[in-house]
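Colleague: Next comes the sequence, and after it the predicted model I'd like to discuss.
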Amino acid sequence: MPDAVKNTDKVINLRVLLNTMTLDINLNGLRVVVTASSRGIGFNVARELLRRNARVVISSKNIRNLQRAKEELKGAGEVHAVRANLYDHKELENLISVSWELLGGIDALVWNAGNISCEPCLLHEASYQDWLDAAKLHTIAPGYLTTLLVRKWLEKRTKGTLIYLNSVSVKEPMPPLVLADVSRAGLIQLAKSVSRTYGSQGIRAYSVLLGSFDTPGARENLRRLAEERGEPFEETWEREVLSRTPLHRTGKWEEIGSLVAFLLTEEAEYMLGSTVVIDGAMSRGIVI
Ligand SMILES: NC(=O)c1ccc[n+]([C@@H]2O[C@H](COP(=O)([O-])OP(=O)(O)OC[C@H]3O[C@@H](n4cnc5c(N)ncnc54)[C@H](OP(=O)(O)O)[C@@H]3O)[C@@H](O)[C@H]2O)c1
């Protein structure tokens with residue numbers, strides 16, 4: 001093969017390598033717990049973090065789903081599974097203590113939740129129990145997990161990062177998600193409070209406002225909405241999901257994975273307490 005061709009190949013290979021290196025953050029064994037992660041956003045974020053060399057505990061309330069998810073993920077890196085129903089404070093305590101043992105410590109929590117059972121439901125349809133469920137899932141569970149972890153990190157004098165996966169609908173309301181959104185809007189406040197109070201001790205927190213991601217949960221929600229409206233699912237999906245962004249698509253797992261991985265690195269330190277939006281310009285407002 002002529003030298004010129006060989007050299008061109010080398011240049012191209014070097015470019016591919018550099019691209020891979022810059023795109024893929026190496027988390028170097030960072031110990032991360034991801035909640036609600038047997039499928040959907042939590043599962044895919046866990047996989048993206050494993051791909052970037054994190055050591056991960058996944059968690060959900062259904063042990064069978066969790067085992068299936070662990071099987072699927074184990075080729076990607078070191079993954080453990082701990083069952084935890086996010087509505088149960090004892091199981092939250094167990095999640096932290098067992099994960100701590102399995103990983104030999106916890107460096108970060110990526111908070112993710114499921115959907116409350118009344119969703120999609122409008123304000124006038126909600127029962128008192130629906131409100132309690134929304135508050136327990138989207139306010140109390142992440143708040144209590146934060147308390148448990150911050151306490152541990154202070155005790156051990158170690159750094160820690162909290163990333164609250166949240167929804168862009170806390171910024172621009174979507175009426176059928178109102179119970180969830182009212183109760184998870186506080187995660188913005190939580191990230192700022194944690195960061196202001198403990199930032200000087202290396203404890204950081206962020207709130208990430210997500211646009212649309214193609215998950216089983218999103219499809220189930222939209223299917224129910226389509227049925228209620230008596231229209232074909234594809235029409236609802238087109239109007240409520242795809243056409244809401246100029247990109248006419250849902251978010252990709254590499255995109256959310258890279259963002260979360262970056263927030264977990266020290267390079268995100270000066271973004272302390274921030275709310276970050278990843279929504280393909282779905283939201284129209286210019287201020288968070
Ligand atoms: N998809 C989107 O476009 C989008 C956009 C913005 C925000 N969000 C929010 O992101 C979150 C995840 O959405 P998704 O679309 O990925 O949902 P999904 O596909 O339904 O996945 C939900 C996950 O939560 C787990 N889970 C459900 N109830 C639980 C409980 N009580 N305790 C512990 N784990 C539980 C499920 O596992 P098991 O069934 O195995 O327990 C599953 O792993 C939701 O809060 C949603 O509102 C979604």
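Modeller: Nice, I can see it.
Colleague: For the residue lying closest to residue 178 once chain neighbours are set aside, list the residues it contacts.
Modeller: Among residues not flanking residue 178 along the chain, residue 123 sits closest, at 5.6 Å (C-beta to C-beta, 6 or more residues apart in numbering). Yep, even glycine has a C-beta here, placed from its N, CA and C like the rest. Residues counted as contacts of residue 123 (C-beta atoms under 8 Å, 6 or more residues apart in numbering) are 175, 178-179.
Colleague: Repeat the analysis, applying 10 Å as the threshold.
Modeller: 175-176, 178-179, 182 (C-beta atoms under 10 Å, 6 or more residues apart in numbering).
Colleague: The helix or strand hosting residue 256 vs the ligand: in contact?
Modeller: When secondary structure is defined by DSSP states H and E, residue 256 falls within helix 253-264. No: counting by C-beta under 6 Å from any ligand atom, the ligand is not contacted by helix 253-264; separation bottoms out at 10.0 Å.
Colleague: Can you tell me what sits against whatever helix or strand comes next after that helix?
Modeller: In the C-terminal direction, the helix or strand that comes right after helix 253-264 (DSSP H and E) is strand 275-278. Outside strand 275-278, the residues that touch it by C-beta under 10 Å, 6+ apart are 163-166, 168, 170-171, 187-189, 191-192, 206-211, 213, 251, 255-256, 258-260, 262-263, 268, 283, 285, 288.
Colleague: got it, and stretch 91-105?
Modeller: Stretch 91-105 has contacts (C-beta under 10 Å, 6+ apart) with 29-33, 35, 54-59, 61, 78, 80-86, 88, 106, 109, 140-142, 144-145, 147-149, 151-153, 156, 158, 160.
Colleague: what residues does this structure put near the ligand?
Modeller: Applying C-beta under 6 Å from any ligand atom, we find that the chain lies next to the ligand at 36-42, 60-62, 65-66, 84-87, 112-115, 167, 180, 210, 212-213, 215-218.
Colleague: Apply the buried test to these and list what passes.
Modeller: Neighbour-count burial (16 or more other C-beta atoms under 10 Å) is assigned, among those, to 36-42, 60-61, 65-66, 84-87, 112-115, 167, 180, 210, 212-213, 215, 217-218.
Colleague: ok, back up a step: tell me which of the contacts of stretch 91-105 fall in strands.
Modeller: Within the contacts of stretch 91-105, residues falling in strands by DSSP state E are 31-33, 55-59, 80-83, 109, 160.
Colleague: among the helices and strands of the chain, which has the poorest mean pLDDT?
Modeller: helix 3-23 (a mean of 51; mean pLDDT, DSSP states H and E).
Colleague: what about the closest residue to the ligand within the stretch 151-288 of the chain, distance to residue 192?
Modeller: The minimum distance from the stretch 151-288 of the chain to the ligand, using C-beta to the nearest ligand atom, falls at residue 217 (2.2 Å). Look at residue 217 and residue 192: by C-beta to C-beta, to the nearest Å, they are 27 Å apart.
Colleague: same deal with residue 71?
Modeller: 38 Å.
Colleague: Same check on residue 97?
Modeller: For residue 97, the distance to residue 192 equals 27 Å [C-beta to C-beta].
Colleague: higher neighbour count, those two?
Modeller: Shown here are residue 97 and residue 192; by other C-beta atoms under 10 Å, residue 192 has more neighbours (18 against 13).
Colleague: tell me the contacts of that one?
Modeller: 199, 205-207, 272-275.
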